[in-house]
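Student: Could you work out the structure for the sequence below:
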Amino acid sequence: MLSSLKRKKKVNILMAEIVNKNLGDAVIADSALYMLSKAIPVYDKGMFCVHRYNLFSEDYEMVARADIIIFSGGGIIKYKSERFYYYIAKIIDVANKHAIPVYFNGVGIEGYDSENENCKMLRSALNCPCVKGISVRDDIDTLKGCYLDSPTSVKCSSVTDSAVFTDKVYKIKQNKASNVIGLGVVRGDIFVDHGESEITPEYQLEMWRGIISKLEGTGYDWQLFTNGAESDYSFAKKIIEHLNLSARKAQLLAPRPVCSRQLVEIISGYKAVIAGRMHANVIAYALAIPSVGLIWNDKLRFWGNKIGYPERFISPCNMTAEAITLALFDSIDRGVSKMDKALCNESIHELRAFVKSYGAPIYKKRARTRAGAQPKIVAVAMGGADMRHSKLNTLKEFPALYKGGTRLYEADLRLTSDGRLICINGERADVFEKLGSAFTGVKEHEIEYKKFKAEKWLGVYPVADIDDLIRTVLPRRGVQLMLDIGRPDRQWAGEICQKLEEAFAHRRNLIKKVIIQVQNEFAADAFTSSPFGWTLSFYTEETETEKLKQTAAFCAENSVGLVAAPERKFSGEFSDIMHKNNLKVYAFHYEKLADIENAVNAGADYVGSYYFSQKGYNSFKL
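Tutor: Below you'll find the model as predicted:
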């Protein structure tokens, strides 16, 4: 037990993860978080605050305030692509300056070149004194023999890939009744880009044709799928076109997944898998689904050896439809033997050892926010989903944000053509795209309520309406809900106000928890004239001093107590003018710790963010 922590503040653990559209990386991150939850003893859990950190966000103030830093995993020790070397070096540079211990969890090592400048940058970072431990899923010899100054300069260990815990993380099991073979497609040029010049896009098109031909007539169905990358999905569609099967695309090509859970659910529906992406194979293995890997990178070969099925991972020199399907049928016949539990748990043991050794807060001098500042974090559009999607107005993240101390939520409201209030961030083509093809060509004020409620954002995240907000959000203790109604004309402003009055007619006790955000005089007039006594916020993008004074005077005259401004328009002068008129200030949206504090120091009383919770911010602020 970390007894020394009882006398100190909570320990901020920064978990750096890869956020992109290849959702194998998201499965790694979710799995690493699960591992960390197991690594921290139950009686110490209250001493830690874990923050998920986007590796690419460059929020170095957040890095500087961490007590320990953990890289969640993935093939990040590489220098030829994706610039992981740059972001790792920057994070470690900040960590080293502040003496923050760093741990790499289950990472992949992908080559070494002593003459390459990017590789040199990465090597230098890994040898910084702040790096205390590196657990490796594959090529530990290259790490020790090439990257590190000496084999013993950093504690290194060999572990398995974090995603072996997929079944426990998502609590999803294989559909054992399935007769479908999942065909996991990668982008057409991936083999050529990695030195395998013979495996061209054209070769792959014919290879997949051959595989599918051999599957048909065996009693198995098939379906193409991807890990979520757009380039992979585009090539999968090209395969469908190449086979002249476009009319059956919806059946033969799984939807492009937009979150890690959706990817796992797709793979769980298969009898067996052939896949080029490593984590399609790892997820399948975790779910006891046989898989055949197509090797374009040595990490797949390492994985095959790790799990004891090297023959199921096909090298480019042997990458034919016949060899692949023979390996597939053999894997189905033989099944999957799960990895030794001790090897799986070794990852958790190493993580626990790091946390127990270094999990104590480090006190540093930092710039303080202005005296007495206690900003409230607002979840913009009900918060961002899965650290990657924003402006959805879905209730998916609400439980987690509420648990994280967030009590202020903003939702966008618009009126449908049949007079219902729904949560949607404007009625524009880019918004409708997130609802799918059923909304192609729909124009403003043409959206139908039933049609909207039948859809999900990006096919995954539930939509919401005013009744959902009233039923789910407002009853929670301490919650306030800001409803942004956009910029309606006089008629629509009156109708929106009327519909809100109807929605709250039998719930008038909840009105005190609601703030209506208006953007023009029409809307302000409609709500100030209402007998319901609405609390109002006024949104403005004005920056000129005189116009800001006019806005403040308008708000004061119309009993508006809060003024909102977007990040690009907010300033200290804006705050000063509003505060002199006894108005509160709401600035949004901000996703970096330093930016939030700059807004607070400039006078913001409320700060909007998609991804910061209230507790998440409070644990870092001074």
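Student: Okay, and residue 537 sits in which element?
Tutor: strand 535-539 (DSSP states H and E).
Student: count of neighbours near residue 510?
Tutor: 17 (other Cβ atoms under 10 Å). Just so you know, the C-beta spots here come from the backbone N, C-alpha and C atoms, and that holds for glycine as well.
Student: what about the residue nearest to it when sequence neighbours are not counted, neighbour count?
Tutor: In this structure, residue 510 finds its nearest non-sequential neighbour in residue 474, 4.7 Å apart by Cβ to Cβ, 6 or more residues apart in numbering. When neighbours are counted by other Cβ under 10 Å, residue 474 registers 18.
Student: can you check residue 553 too?
Tutor: Residue 553: 12 surrounding residues under other Cβ under 10 Å.
Student: if I pick it, what's in contact with it?
Tutor: residue 581 (Cβ atoms under 8 Å, 6 or more residues apart in numbering).
Student: May I see the buried residues of the strand holding residue 537?
Tutor: Residues of strand 535-539 classed as buried: 535, 536, 537, 538, 539 (neighbour count, 16 or more other Cβ atoms under 10 Å).
Student: cool, and stretch 48-58?
Tutor: Using 16+ other Cβ under 10 Å as the test for burial, stretch 48-58 gives 48, 49, 50, 51, 52, 53, 54, 55, 56, 57.
Student: Could you tell me the average pLDDT over the longest helix along the chain, please?
Tutor: Criterion DSSP state H: the longest helix present in the chain is helix 341-358. On average, the pLDDT along helix 341-358 is 93.
Student: could you show me where the strands are in the stretch 201-350 of the chain, in order?
Tutor: For the stretch 201-350 of the chain, the strands defined by DSSP state E, counting those that start in this stretch occupy 221-225, 272-275, 291-294, 313-314.
Student: Highest mean neighbour count out of those strands?
Tutor: Ranked by mean neighbour count, the strands of the stretch 201-350 of the chain are led by strand 291-294 with a mean of 28 (mean count of other Cβ atoms under 10 Å).
Student: Any idea how far that one is from the middle of the chain?
Tutor: Relative to the centre of its chain, strand 291-294 is centred 27 Å away, using Cα atoms, centre = their mean, to the nearest Å.
Student: what's the average pLDDT for it?
Tutor: Average pLDDT, strand 291-294: 98.
Student: Let me know the pLDDT of residue 371.
Tutor: At residue 371, pLDDT is 52.
Student: Residue 120: which of the buried residues of strand 535-539 is nearest?
Tutor: Among those, residue 539 lies closest to residue 120 (Cβ to Cβ), at 49.5 Å.
Student: Surely residue 66 and residue 51 touch.
Tutor: Yes. Under the contact definition of Cβ atoms under 8 Å, residue 66 touches residue 51, with a separation of 7.5 Å.
Student: residues in contact with residue 109?
Tutor: 75, 77, 78, 136, 138, 139, 140, 142, 143, 147.
Student: Tell me the confidence at it?
Tutor: 97.
Student: nearest residue to it other than its sequence neighbours?
Tutor: In space, residue 109 is closest to residue 139, 4.1 Å off (Cβ to Cβ, 6+ apart).
Student: Contact partners for that neighbour?
Tutor: Counting by Cβ under 8 Å, 6+ apart, residue 139 has contacts 108, 109, 110, 298, 302.
Student: Let me know the closest of the residues you listed to residue 259.
Tutor: Nearest to residue 259, judged by Cβ to Cβ, of those is residue 108 at 22.6 Å.
Student: isn't the closest one right up against residue 77?
Tutor: Yes. Look at residue 108 against residue 77 with Cβ under 8 Å: they come within range, at 6.6 Å.
Student: More neighbours: which of the two?
Tutor: In terms of neighbours (other Cβ under 10 Å), residue 77 is the more surrounded of residue 108 and residue 77; the figures are 28 against 22.
Student: For that one, give me its contacts.
Tutor: Here residue 77 is in contact with 84, 104, 107, 108, 109, 110, 122, 126, 143, 147 (criterion: Cβ under 8 Å, 6+ apart).
Student: show me what contacts the residue nearest to residue 510?
Tutor: 481, 507, 510, 513, 514.
Student: same check, this time on residue 108
Tutor: Residue 108 touches 73, 74, 75, 76, 77, 78, 136, 137, 138, 139, 299, 302, counting by Cβ under 8 Å, 6+ apart.
Student: What's the first helix or strand after whatever helix or strand it lives in?
Tutor: Counting by DSSP H and E, the element that carries residue 108 is strand 102-109. Next along the chain after strand 102-109, taking DSSP H and E as the criterion, comes helix 117-126.
Student: which residues are contacting the worst-scoring helix or strand of the chain on mean pLDDT?
Tutor: Lowest mean confidence among the helices and strands of the chain (mean pLDDT, DSSP states H and E): helix 429-432, at a mean of 88. Contact with helix 429-432 is made by 391, 424, 425, 439, 440, 442, as judged by Cβ under 8 Å, 6+ apart.
Student: quick one: buried residues of it?
Tutor: 431, 432.
Student: Nearest residue to the middle of this structure?
Tutor: Nearest to the mean C-alpha position of the chain, by Cα atoms, centre = their mean, lies residue 387 at 2.7 Å.
Student: now the residue nearest to it when sequence neighbours are not counted: how far from residue 54?
Tutor: Leaving aside its sequence neighbours, residue 387 sits nearest to residue 19 (Cβ to Cβ, 6+ apart; 5.4 Å). Noted for residue 19: a distance of 4 Å to residue 54, by Cβ to Cβ, to the nearest Å.
Student: ok, of the contacts of helix 429-432, which one's closest to residue 583?
Tutor: Taking the contacts of helix 429-432 together and measuring to residue 583 by Cβ to Cβ, the closest member is residue 425, at 25.1 Å.
Student: any idea how far the closest one lies from residue 384?
Tutor: Note on residue 425: its distance to residue 384, by Cβ to Cβ, is 12 Å.
Student: Since that was my last question, I'll sign off now.
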